[in-house]
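Asks: 3D, please:
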Amino acid sequence: MNLDHVFVCGDPALDFAATLRARRSARFEMFASPERLDAWYVESGVVDTVTPGDEGDVARATAVREALYLLVTARRLGEEFDPGALALVNSTARTPSAVPQLTAEGRRTDATPAEALSTVARRAIELLSGPDVPLLKECGNPECTRVYIDRSRGMRRQWCGMESCGNKIKAAAYRARKKSAAAAG
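Replies: Residues are numbered from 1 along each chain as shown. Predicted structure coming up:
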């Protein structure tokens with residue numbers, strides 16, 4: 001599976017929740033090391049730099065990610081929040097977050113892993129209590145469990161991203177039609 005971090009969900013909190021891929025089948029962990037977690041924080045744009053994390057930071061981040069996934073799923077389905085997940089995300093958001101600073105070059109945000117994680121938790125709270133909740137959808141690929149914000153016209157988007165899932169599903173459907181046509185002919 002691809003090791004690149006993917007940002008197709010429309011919000012860093014959703015992309016964070018999607019870092020455990022294929023939850024229903026292969027379960028591919030994107031935070032396999034502290035370096036992979038640190039890279040996600042920077043590549044996502046949550047922070048510009050992060051001090052190197054350790055295995056404890058990975059354990060905290062994956063726990064918050066799983067809690068966040070439960071909350072996103074509950075909100076999307078109109079269900080009650082899991083109390084433990086809610087408590088974990090809220091307590092993480094209460095810790096100091098990354099603070100942007102103005103520099104001669106512009107805005108810069110340096111953080112520790114804990115500050116970056118708090119920033120993600122705060123983004124999640126804003127998302128799950130904000131106007132985009134009705135736009136939350138799960139990817140139409142049965143293997144994918146990403147939740148994204150559907151801002152397409154008429155809310156017709158079916159996939160988290162064309163590159164990651166849409167093309168795979170469309171290609172499989174095309175092959176199935178060709179096979180069916182060949183069998184019928």
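
Asks: any weak-confidence spans in this protein?
Replies: By pLDDT under 70, the weakly predicted segments of the chain are 1-3, 164, 166-178, 180-181, 185.

Asks: residue boundaries of the helices in it?
Replies: Along the chain, the segments classed as helices by DSSP state H run 12-17, 34-43, 55-77, 83-94, 113-128, 167-184.

Asks: dump the residue contacts of the closest residue to residue 139 other than its chain neighbours.
Replies: Among residues not flanking residue 139 along the chain, residue 160 sits closest, at 4.0 Å (CB to CB, 6 or more residues apart in numbering). Just so you know, the C-beta spots here come from the backbone N, C-alpha and C atoms, and that holds for glycine as well. Counting by CB atoms under 8 Å, 6 or more residues apart in numbering, residue 160 touches 8, 9, 18, 139, 141, 144, 146, 148.

Asks: Next: residue 39.
Replies: Residues near residue 39 by CB under 8 Å, 6+ apart: residue 5.

Asks: Equivalent analysis for residue 32, please.
Replies: Neighbours of residue 32 in contact, by CB under 8 Å, 6+ apart: none.

Asks: Now do it against residue 77, distance only.
Replies: Distance of residue 32 to residue 77, given as CB to CB, to the nearest Å: 29 Å.

Asks: Likewise for residue 24?
Replies: Using CB to CB, one gets 16 Å for the distance from residue 24 to residue 77.

Asks: ok, residue 71 - contacts?
Replies: Shown in contact with residue 71 (CB under 8 Å, 6+ apart): 81, 82, 85, 86, 89, 124, 128.

Asks: mind redoing it with 10 Å?
Replies: When contacts are counted by CB atoms under 10 Å, 6 or more residues apart in numbering, residue 71 is found next to 13, 17, 81-82, 85-86, 88-90, 124-125, 127-128.

Asks: Now tabulate the residues you listed in JSON lines and tack on neighbour count.
Replies: Formatted as JSON lines, the contacts of residue 71 follow (neighbours: other CB atoms under 10 Å):
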{"residue": "13", "neighbour count": "27"}
{"residue": "17", "neighbour count": "26"}
{"residue": "81", "neighbour count": "16"}
{"residue": "82", "neighbour count": "15"}
{"residue": "85", "neighbour count": "20"}
{"residue": "86", "neighbour count": "17"}
{"residue": "88", "neighbour count": "20"}
{"residue": "89", "neighbour count": "26"}
{"residue": "90", "neighbour count": "14"}
{"residue": "124", "neighbour count": "27"}
{"residue": "125", "neighbour count": "17"}
{"residue": "127", "neighbour count": "24"}
{"residue": "128", "neighbour count": "22"}
